[in-house]
Each structure stands twice: as C-alpha cells, then as structure tokens.
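Chemist: Provided below for reference: sequence and predicted model.
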Amino acid sequence: MECYYDVPEGVDIRGRYDAEFAKILTKDALKFVAELQREFRNHIKYALEKRREAKRRYNEGALPGFDPATRYIREKEWVCAPVPPAAADRKVEITGPVERKMIINALNSGAKVFMADFEDALSPSWENLMRGQVNLKDAVDATISFHDKVRNRVYKLNHPTAKLFVRPRGWHLPEAHIFIDGEPATGCIVDFGLFFYHNHSEFRRTQGAGFGPFFYLPKMEHSREAKIWNSVFEKAEKVVGIERGSIRATVLIETLPAVFQMNEILYELKEHSVGLNCGRWDYIFSYVKTFQAHPDRLLPDRVQVGMTQHFMKSYSDLLIRTCHRRGVHAMGGMAAQIPIKEDPVANELALELVRKDKLREVKAGHDGTWAAHPGLIPACMEVFNNIMGNAPNQIETNQREDAANITEEDLLQTPRGGRTMEGLRLNTRVGIEYVAAWLSGSGSVPLYNLMEDAATAEISRVQNWQWLKYGVELNGDEVGVRVNREVFGRVVEEEMARIEKEVGKEKLKKGMYKEACKIFTRQCTSPTLDDFLTLEAYNYIVLHHPRESSKL
Ligand SMILES: CC(=O)SCCNC(=O)CCNC(=O)[C@H](O)C(C)(C)COP(=O)(O)OP(=O)(O)OC[C@H]1O[C@@H](n2cnc3c(N)ncnc32)[C@H](O)[C@@H]1OP(=O)(O)O
Ligand SMILES: O=CC(=O)O
Ligand SMILES: [Mg+2]
C-alpha cells in the first residue's frame, strides 16, 4: 500500500514515506516549518546575494575588514543576556553526526555538551536527516536505545548525560525532498524547525532548566545572517508561546569575513546568544575561498596551517576577547587527531598533540573545546580542569584585554610554510575518499588516523584548486614541480591506484569512488571556484519518491 504524508497547503514531500518519519513530518510540524520558510525566504535570498556581492569585491582585489558603519557596535559597552545556568559549564563538547548509536555514546561520553550535527559531520540524505530527527526526539525524551545485533549489545542513556546542542545546516544548502510553494525548502529551516517544534517543551523541562533548545549556527559570513536567525528564534518562540530569549545559540566563526563581524553577530543575537566558537577548519577553507583571486596569499600544505600560525592565533585571541567582553562563552575548536587503536605509540603521540592543542586553548582563555571521539574526552577534560579548577568558565576571569587591538593585518596575515608534492597527493587522496564516503551516507570518517569531515575536505579541494589556478611550484620538499593539469591528472591517477590498493578492488568497484573522483577533479580544475563541494555532490544523493528527475 502506498502511504503519503499528511501535508499542509503548499507543502510537498518528495522523500520516501516511512512510518517513523511520519511522526516527525506531522501536519502541524510542517505547517510550522512552512511558516518560517515563507517569512524568511526573501531575507535568506537577499543574504546569499550579499555574499555573492562580497565575493565579487574580494575577487576584484578588496580585502575583508572591520565595517566602519558598525564601529559604534564594536566600541559601545553592552553585554549579551546572562548565560543560562544549564549551559554555564561547557569545558569539553563532543561532536558527531545524528546517528543513533553515536548519539547515545556521545550523550554518555562524559563530555559536558554533545553537539549533534546535521552539518559538517553529516551527509544530508533524506534517510540520514529524518532518522536524525527521530533519534534526537528519542534522545530528548530519554527513550532512545539501540541494539547492536552483531555484538548483541544494547545501548541506553546513562545519567547524567551531556547537554544537547543541535547544529543545523548552513544557509546555502537546500532541502530538495521538501518543497514549499514550489521551491525546495532551506535546509537549516527544516533542521531547526522540525527539531525545535518537537523538542522545545521536553528539552526546557528536563535539560535546559527553563531555557533552550540550544543550537550551534554554522558558516555565517555577516551579521545580517545572524539577524535572520534571531528573527527565526523570536518567531519560533512566539508561535509556540515560550519566553523570548529561551532559545540559545553559539555561532561558529568559521569564515574569514565573519571574524570582522564578531561583535555585530553577538549584538544581533544578544538575547539568544551563548557565545562564539572557533570553527578552525572551515575558517581555513574560507581563507582560501575569500582570497581565490589573490595569488599573493597562497597557503602552504594543509598540515602546516595550524592554530599557531599568526592569523589563526589572532582569530582565536580576538574571539576570546570579544566573547568575554560581551559576557558569553568563547569556545575552542576541533583537533583532528583521533585514537589509534592498533598502535599504542602512535596513539600516545596523537593524544599528546590533542593535549597540547587544548592546553593552548584553555591558557588563551577559551571556556571549552571540541572533541571528535569519546576516547579523547578524559584527556581534554583533564587539561581544562587543571587550568580552570571548579570554575564553569573563564568569562569573568580571563578578559584578554591585551587582545583588544588585534588588527586587520594580524587577521589576514598569510600563513607560512612550504608546499609539497606530498601535500598535493594527500589533498587528492583524502578529498576523493571523503567524497566517496559522503556519497555513500557517511559525513565524518577516519582517514589516516585523522577525523575528516566536510570542512577538512573543503580545504583539500580549494587548496588543490588554488595551486592549479596559479601553477604554484611545489618546492617544500625540494622536488620543484610546478602544478598544472598534467601533473594533477597524473596525481589523481596514482592516488586512485593507491586508494584501490588500500581499500581493495571490490570496495572500489562497489563504492562511490568513481563518482567522487569525477566531482573532486572537476571542482579542482574548474576555471571558477565552486562555492561549496557539497552543493554539487548533493545532486547525487537526492532521491525523489516516486523516483523522477532529482537534479535541482
Ligand atoms: C570541522 C568540524 O565541523 S568538527 C565537527 C564535525 N565532525 C565530527 O563531529 C566528527 C565526529 N567523529 C566521528 O564521526 C568519528 O569519531 C570518526 C569518524 C572521526 C572516527 O570514527 P571511528 O573510527 O568509527 O571510531 P571508532 O571505531 O574508534 O569508535 C569507537 C566507538 O566510539 C564511538 N564514537 C566515535 N566517535 C564518536 C562520536 N563523535 N560521538 C559518539 N560516539 C563516537 C563509536 O560509535 C564506537 O562506539 P562502540 O564502541 O560502541 O561501537
Ligand atoms: O565546524 C567546525 C570547523 O572547524 O569547521
Ligand atoms: Mg565547520
């Protein structure tokens, strides 16, 4: 029997019917999402057009910088609404996709917060998104369980659990399985709307002590985008009849233009803010993207662009200064190392790198940090506890007034280091392997003992594009080869052969490697830089039901 979702006027669901999904895609919830979409779609389109306009300016040679028109916001003394007690202590936050077992593991991990991810760590297929919503609802209701039949192991929530924050997708991604008034819905409006609608009441009662739900907001480029989120929150609060300022969000500062807008972003979200976070990986991606037409600002190998580079240190210091001056959390970011099970020596080295990164963060004044894996929580927690003791955060105690005068030049300084053939090879291999995983449904994967997700894959892609575009010389390893299409073509071939050797012929044939190679190679060699890797890749995972042309 064919079953259909019961939809309100103007809403068309093109994703597969599933009785579990129907509990999320209720008529009332869809009406709520459609109302948000209708009220904000033009604001969103305008904000995206402004992004394109800014890109044109940077491509003509302009540099991003502080906006003279909003100097008064930066100079005036004001603070955000007080931090809700339920979110005061965020020393270590675990992140991960909204996958059922991982949600339970993350909530039980001992971290203070779990950032449940519809974004960098998730491949946004209909199945992943809708199952993710089902899983999160069960998590908020505390009824979530998972039976691993192979290992005959049942997963349930312990007590206490980490506090839940949810990260919807960025503004640019459509949701092609839900059409509203004949247009694909905005991905993040769907993610936010469905989660908020079903969980606000239970979350506020059991987790938020009257506040919440809590969110992370990704990839913004300007405070006008934060203003839209603030209006979305106000509207949502009004529709369901909860107090203004209940919803709280941490904005990731992970684009280069946004670092000049940190005060302005907090100002727009003043009543709804609970801080900013250093999204270091997308930030590096954004540096390349913003300077795509500036051959004097080429990056060295990806592995060399760490947090101790002057521009990255300046960004983290200014973020801490800005947040603490405005009374909210300054969250650190993600170290890419993950536990290495089969090699204790390498594992200890990886752990040591994570500890070093966290020590730098807590000493600089960050109030908390991110961990990619439960196995890293004890080490991260120990580092933060050693410096902060019992204090929930450093908002009052580490104001970083010394960082107040960080300049545009500090924030834009080109990172130093060499460019190597090995860098080009690694970008290519990791980029293709990641896209293959993403197309098969996994948005975060372990590759060569590091966490790879959409943000790290973007660095690989745009770095290759930049090196090809400007024909850079790879002289960091004294090979002295100039990157051109021929060299890159050879590298792709050789790296595909290496992938085949590593994963085996069978997996290579069955997996999405060929498609991944096509997408990644096209984007690296395109005359103009694509804004996002996942926008093109998304066309491959859209599955309309009944099946028909799904190309957006
Ligand atoms: C740039 C950014 O945006 S960073 C934020 C986005 N990225 C992320 O969130 C990445 C999150 N991390 C992950 O997805 C994973 O840790 C990976 C893919 C990096 C590594 O995964 P794996 O190699 O499969 O992990 P591994 O096999 O060691 O897992 C061991 C156990 O830990 C669990 N686990 C691993 N990572 C996580 C996590 N982040 N959250 C919850 N549980 C986790 C696994 O489910 C597994 O559980 P089990 O023993 O009960 O079966
Ligand atoms: O989202 C986090 C990042 O580093 O990118
Ligand atoms: Mg990111």
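Modeler: Thanks, I have the structure now. Computed from a prediction, not measured in an experiment: that's the story for all the values here. Ligands and ions are numbered 1, 2, ... in the order given.
Chemist: nearest residue to residue 146 other than its sequence neighbours?
Modeler: Leaving aside its sequence neighbours, residue 146 sits nearest to residue 155 (C-beta to C-beta, 6 or more residues apart in numbering; 4.2 Å). Placement of C-beta: from N, CA and C, glycine included.
Chemist: near ligand 1, anything from stretch 103-115?
Modeler: Yes: judged by C-beta under 6 Å from any ligand atom, stretch 103-115 comes into contact with ligand 1 at 105-106.
Chemist: element containing the residue nearest to residue 146, please.
Modeler: strand 153-156 (DSSP states H and E).
Chemist: right, is that strand up against ligand 1?
Modeler: No: against ligand 1, strand 153-156 shows no contacts by C-beta under 6 Å from any ligand atom, the least distance being 6.9 Å.
Chemist: helix or strand right after that strand?
Modeler: Next element after strand 153-156 (DSSP H and E): strand 163-167.
Chemist: show me the contacts for the closest residue to ligand 3 within the stretch 201-350 of the chain.
Modeler: The stretch 201-350 of the chain approaches ligand 3 most closely through residue 282 (3.5 Å), counting by C-beta to the ion. Residues in contact with residue 282, defined by C-beta atoms under 8 Å, 6 or more residues apart in numbering, are 120, 218-219, 252, 254-255, 455, 458.
Chemist: let's see it at 6 Å
Modeler: 254, 455 (C-beta atoms under 6 Å, 6 or more residues apart in numbering).
Chemist: Report the separation between it and residue 219.
Modeler: 6 Å (C-beta to C-beta, to the nearest Å).
Chemist: Could you list the contact residues of the protein toward ligand 3?
Modeler: 120, 254, 279, 282, 455 (C-beta under 5 Å from the ion).
Chemist: change it to 6 Å
Modeler: Neighbours of ligand 3 within the chain, by C-beta under 6 Å from the ion: 120, 218, 252, 254, 279, 281-282, 455.
Chemist: quick one: which two of those are the most distant?
Modeler: 218 and 281 (11.2 Å; C-beta to C-beta).
Chemist: show me where the stretch 301-450 of the chain has strands.
Modeler: Along the stretch 301-450 of the chain, the segments classed as strands by DSSP state E, counting those that start in this stretch run 330-334, 368-371, 445-447, 450-452.
Chemist: Take those strands and write them to JSON lines, including mean neighbour count and mean pLDDT.
Modeler: Formatted as JSON lines, the strands of the stretch 301-450 of the chain follow (neighbours: other C-beta atoms under 10 Å; pLDDT from 0 to 100):
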{"stretch": "strand 330-334", "mean neighbour count": "28", "mean pLDDT": "98"}
{"stretch": "strand 368-371", "mean neighbour count": "26", "mean pLDDT": "98"}
{"stretch": "strand 445-447", "mean neighbour count": "17", "mean pLDDT": "98"}
{"stretch": "strand 450-452", "mean neighbour count": "21", "mean pLDDT": "97"}
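Chemist: So residue 81 is in contact with residue 271, correct?
Modeler: Yes: Residue 81 lies in contact with residue 271 (C-beta atoms under 6 Å); the separation is 5.1 Å.
Chemist: Which neighbours do these two have in common?
Modeler: Joint contacts of residue 81 and residue 271 (C-beta under 6 Å, 6+ apart) are residue 245.
Chemist: Just read off the phi/psi values of the closest residue to residue 186 other than its chain neighbours.
Modeler: Spatial nearest neighbour of residue 186, excluding adjacent residues (C-beta to C-beta, 6+ apart): residue 44 at 5.7 Å. Main-chain dihedrals, residue 44, degrees, to the nearest 10: phi -70, psi -40.
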